[in-house]
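**Student:** The sequence and its predicted three-dimensional model are supplied below.
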Amino acid sequence: MNVKEIIDKEEELIGQEIELQGWIRNHRKQKDFGFIAFSDGTCFQTLQIVYEKEIKSFEDIQKMHIGSSIAVKGTLVKSPKAEQSVEVQATEILLLGDAGEDYPIQAKHHSREFLREQAYLRPRTNLFQAVFRVRNVAAFAIHTYFQRKGFLYVNTPLITANDGEGAGEMFQVTTLDLDHLPKTKEGQVDFKEDFFGEKVGLTVTGQLEAEAFAHAFKNVYTFGPTFRAENSNTQKHASEFWMIEPEMCFCDLNGLMDIEEEMLKFVVEEVLEKAKDEMAFLNQFVEKGLIDKLQRLVKSPFTRMTHHDVITLLKKADVQWEFPPEYGKDIATEHEKYLTEYFDGPVFVTDWPKEIKAFYMKLNPDGETVAAVDLEVPGAGELMGGSQREENYERLHQRMQELGMKEEGLEWYLNLRKYGGCVHAGFGMGFERLLIYLTGVDNIRDVIPFPRTPGNCLF
């Protein structure tokens, strides 16, 4: 039996003999009795184990350390205290694995910075029990949404020769001996001698391959790890993170925004419904008003506004900007915050200047903007970025030439426009960005199990 089963069926289990295996989260000892806060990882709640002096090996039980694994036998009884409805009156407690006096996670406050150094143990704390349970619920909700909509789940390559974003931020993958690199006649590294016979790296996006599958299955999505060799040490950047990237054929920019809004609201509702204990904890100890913020999002209409109109609004605002808004330029965090507060809800910013967006985005009739969209949400800023993709072969080819991009290796991507191409669109959402928004935990290092950041590859 486990703790979740007991909590779900406690009324019918009261008075029954039960057996449990798990860990000591806290241990309060008195002269003639003791209390153990017991967790077996099956739910957020702990179960109180009560033992008295008459129990076998009382002195040995009193010496059991926080973090130790134990086996418990006893009777489930009603608790006399209001904090919990039931507890276990133990008849036997066996030590399975001692944690020792030097166990780092004691029953006291630990900073998040300290816990990052103990990332292999931090899931045993309340905060990270809540965070990673929410992560689990949110991941399942994303799959549920797309599966119900008839999307095909595609596993795109992690090793690729294509820099999908064109930003040159790929980690290189090689089997070459770095101390004795083969060289060409021109003195360059001879990648023909490498494992794949060419220069390859870890993917920054699964979008391009997902587009290929969308042209066969209509609606597809990826959900997997991506990598950026970007030396950024902000709270929102990591070198390894997870992305959700749907691609839809016969879908324009408006249809794309419909899916983004519907998906986000579905995921938020699922988390609020299926992670109630975790969200209550986060609402109390991490971000006051978190649940109210998420409930408002579910009920809010999402505003749609062009980038040009957004800049006009910002310029008219009675605000002393640190970074003054400009037509043709990106918007800053302070602008995102103002927008979501002004409209009291999420905002889609559409039709961006082509100079600051990726090569594959569809050129609008004005020749100056592309059919791109960013979703800004209250308290988090940009959460999703997407676009209608350029379906015209000549225009896409011309755009790549304008940017000085090599066609080599991307011929297949261009050919999608030649072989039964159609209007299509897609977006990307960083999963950890979503979790920051859902949990109120403001650092990406604390919503991913083992963070990879510049200078850090622990565990």
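**Tutor:** Received, thanks. Keep in mind that this is a model prediction, so the values were computed, not measured. Residues are numbered from 1 along each chain as shown.
**Student:** pLDDT score assigned to residue 262?
**Tutor:** Per-residue pLDDT puts residue 262 at 98.
**Student:** and it, what element?
**Tutor:** Using DSSP states H and E, residue 262 falls within helix 253-274.
**Student:** what's the offset of that helix from the middle of its chain?
**Tutor:** Averaging C-alpha positions (Cα atoms, centre = their mean, to the nearest Å) puts helix 253-274 15 Å from its chain's average.
**Student:** Tell me the first helix or strand C-terminal of it.
**Tutor:** Heading C-terminal from helix 253-274, the first helix or strand you meet, by DSSP H and E, is helix 276-285.
**Student:** residues making contact with that next one?
**Tutor:** 43-45, 126-127, 129-131, 133-134, 271-272, 289-291, 294, 439-441 (Cβ atoms under 8 Å, 6 or more residues apart in numbering). From N, CA and C alone the C-beta is placed, and that goes for glycine too.
**Student:** that older thread, against which helices or strands is the helix holding residue 262 packed?
**Tutor:** With contacts taken as 3 or more Cβ pairs under 8 Å, 6 or more residues apart in numbering; DSSP states H and E, helix 253-274 sits against helix 126-148, strand 240-249, helix 290-299, strand 347-353, strand 369-377, strand 381-389, strand 424-430, helix 431-439.
**Student:** Kindly recompute the last result at 7 Å.
**Tutor:** helix 126-148, helix 290-299, strand 369-377, strand 381-389, strand 424-430 (3 or more Cβ pairs under 7 Å, 6 or more residues apart in numbering; DSSP states H and E).
**Student:** so where do the helices sit in this structure?
**Tutor:** 3-8, 10-13, 58-62, 112-116, 126-148, 207-217, 253-274, 276-285, 290-299, 307-316, 333-343, 393-402, 411-415, 431-439 (DSSP state H).
**Student:** Can you tell me which of the contacts of helix 276-285 are buried?
**Tutor:** 43-44, 127, 129-131, 133-134, 271-272, 290-291, 294, 439-441 (16 or more other Cβ atoms under 10 Å).
**Student:** Closest one of those to residue 380?
**Tutor:** Of all these, residue 440 has the smallest distance to residue 380: 9.8 Å, by Cβ to Cβ.
**Student:** From residue 151, how far off is the residue lying farthest from the centre of the chain?
**Tutor:** Going by Cα atoms, centre = their mean, the residue of the chain most distant from its centre is residue 54, 49.0 Å out. The gap separating residue 54 from residue 151 is 60 Å, by Cβ to Cβ, to the nearest Å.
**Student:** do residue 29 as well
**Tutor:** To residue 151, residue 29 is 54 Å away according to Cβ to Cβ.
**Student:** Neighbour count for these two, which is higher?
**Tutor:** Using other Cβ atoms under 10 Å, the more surrounded residue of residue 29 and residue 151 is residue 151, with 20 against 13.
**Student:** I figured that one hits residue 221, correct?
**Tutor:** Yes - between residue 151 and residue 221 there is a contact at 4.9 Å, judged by Cβ atoms under 7 Å.
**Student:** who wins for proximity to residue 262 among the helices and strands packed on helix 253-274?
**Tutor:** Comparing those by Cβ to Cβ, helix 126-148 comes nearest, at 7.9 Å.
**Student:** who touches that closest one?
**Tutor:** Residues from elsewhere that reach helix 126-148 (Cβ atoms under 7 Å, 6 or more residues apart in numbering): 44, 122-123, 221, 223, 244, 246, 263, 266-267, 270-271, 274-275, 278, 281-282, 434-435, 438-439, 441, 446-447, 449.
**Student:** Please produce a PyMOL select command covering the buried subset of those residues.
**Tutor:** Entered in PyMOL, the line below selects the buried ones among the contacts of helix 126-148, by 16+ other Cβ under 10 Å:
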select buried, resi 44+122+123+221+223+244+246+263+266+267+270+271+274+275+278+281+282+434+435+438+439+441+446+447
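**Student:** any low-confidence regions in the protein?
**Tutor:** Regions of the chain meeting the criterion pLDDT under 70 cover residues 164-168.
**Student:** quick one on the thing from earlier: list residues touching both of residue 151 and residue 221?
**Tutor:** In contact with both residue 151 and residue 221: residue 246, using Cβ under 7 Å, 6+ apart.
**Student:** quick check: angle from the helix holding residue 262 to strand 240-249?
**Tutor:** 130 degrees (axes from the mean of the first three to the mean of the last three Cα atoms, to 10 degrees).
**Student:** what's next to helix 253-274, contact-wise?
**Tutor:** Taking contacts as Cβ under 7 Å, 6+ apart, the residues outside helix 253-274 that touch it are 134, 137-138, 141-142, 145, 246, 248, 279, 291, 294-295, 297-298, 302, 304, 348, 350, 371, 373, 375, 384, 386, 388, 425, 427, 438.
**Student:** Tell me how far the residue nearest to residue 20 when sequence neighbours are not counted lies from residue 103.
**Tutor:** Spatial nearest neighbour of residue 20, excluding adjacent residues (Cβ to Cβ, 6 or more residues apart in numbering): residue 72 at 4.6 Å. According to Cβ to Cβ, residue 72 and residue 103 sit 19 Å apart.
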